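J.: output the structure for:
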Amino acid sequence: MPPRRRCVGCGRIAPKLELLRIAVIRDGEGRHGRAMCDRTGTMPGRGAYLCRGEQPELPAAECLERAQRRDAIARALRSAVTLDPKLVESVSR
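T.: Here you go, the predicted model:
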């Protein structure tokens, strides 16, 4: 059975390949970082997962919105983060 992960937006449990991984890029020495899509799944560190949207390289808009409202991405990554502006813009269109 393939590995399964939980979407931090809607809570759906699905095979890892059906979800999009979000990872943190640190900007310097602080604990604060920027959350970005990890399309290859190879970035180091913890990951948060969101359901894939209509375009497979982007998360589902409703899952991203729910995760933002609940601050679920930062909680899953165990770090203070800001979402990559490109990610938010591309989903909100």
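
J.: where does the protein have low pLDDT?
T.: Residues of the chain that meet the criterion pLDDT under 70 lie in 29-31, 90-93.

J.: can you map out the strands along it?
T.: 4-6, 13-15, 19-26, 33-37, 48-51, 81-83 (DSSP state E).

J.: just name the most buried of the ones you listed.
T.: Comparing these by mean neighbour count (mean count of other CB atoms under 10 Å), strand 48-51 comes out on top with a mean of 26. Just so you know, the C-beta spots here come from the backbone N, C-alpha and C atoms, and that holds for glycine as well.

J.: what sits closest to Val24 if chain neighbours are left out?
T.: Gly33 (4.0 Å; CB to CB, 6 or more residues apart in numbering).

J.: with Ala74 instead?
T.: Counting by CB to CB, 6+ apart, the nearest residue to Ala74 once its immediate chain neighbours are dropped is Val81, at 5.0 Å.

J.: same question for Glu18.
T.: Among residues not flanking Glu18 along the chain, Arg52 sits closest, at 6.4 Å (CB to CB, 6+ apart).

J.: also Ala48?
T.: That would be Ala76: by CB to CB, 6+ apart, it lies 3.7 Å from Ala48.
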